[in-house]
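Q: what's the 3D shape of this:
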Amino acid sequence: MARKTNTDKSGGRSRGRSSSSELRSQRPKPKIDFTIDALDFKNVNLLKQFVTDQGRLLPRKYTGLPAHYQRTLSQAIKRARQMLLMK
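A: Residues are numbered from 1 along each chain as shown. Below is the predicted model:
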């Protein structure tokens with residue numbers, strides 16, 4: 001029996017990003033309602049919003065924070081853990 005080959009180049013999956021981005025909805029950008037000065041290890045109520053129940057840091061993909069804020073946030077959480085303010 002002869003083997004089927006796909007000679008049609010336009011059929012099947014498209015390799016461009018335009019089709020995959022049309023299928024997925026864009027995640028809304030979060031509104032940052034705090035300043036960089038508020039990201040302090042003493043501000044435990046704010047820091048708890050970016051930690052899971054198991055105590056793991058939420059990645060930037062979920063927080064939506066800019067890279068500079070995310071780095072400051074992770075340092076503040078680690079310092080709060082060292083001072084035993086957070087678990």
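Q: okay, CA-based contacts and neighbour counts for the rest of this
A: Fine.
Q: what residue lies at the spatial centre of the chain?
A: What sits nearest the mean C-alpha location of the chain, by Cα atoms, centre = their mean, is residue 61, with 1.1 Å.
Q: Residues in contact with the host helix or strand of that residue: which ones?
A: Using DSSP states H and E, residue 61 sits within helix 60-63. Applying Cα atoms under 8 Å, 6 or more residues apart in numbering, the contact partners of helix 60-63 are 30, 50, 66, 67, 70.
Q: Let's have these in a markdown table, adding pLDDT.
A: A markdown table is the format used below for these (pLDDT from 0 to 100):
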| residue | pLDDT |
| --- | --- |
| 30 | 66 |
| 50 | 93 |
| 66 | 91 |
| 67 | 94 |
| 70 | 95 |
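Q: and those, which are buried?
A: 50, 70 (16 or more other Cα atoms under 10 Å).
Q: Include distance to residue 39 when you put the contacts of helix 60-63 into TSV, please.
A: Shown next, in TSV, are these (distance: Cα to Cα, whole Å):
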residue	distance to residue 39
30	16
50	11
66	13
67	13
70	10
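Q: With that, I have no additional questions.
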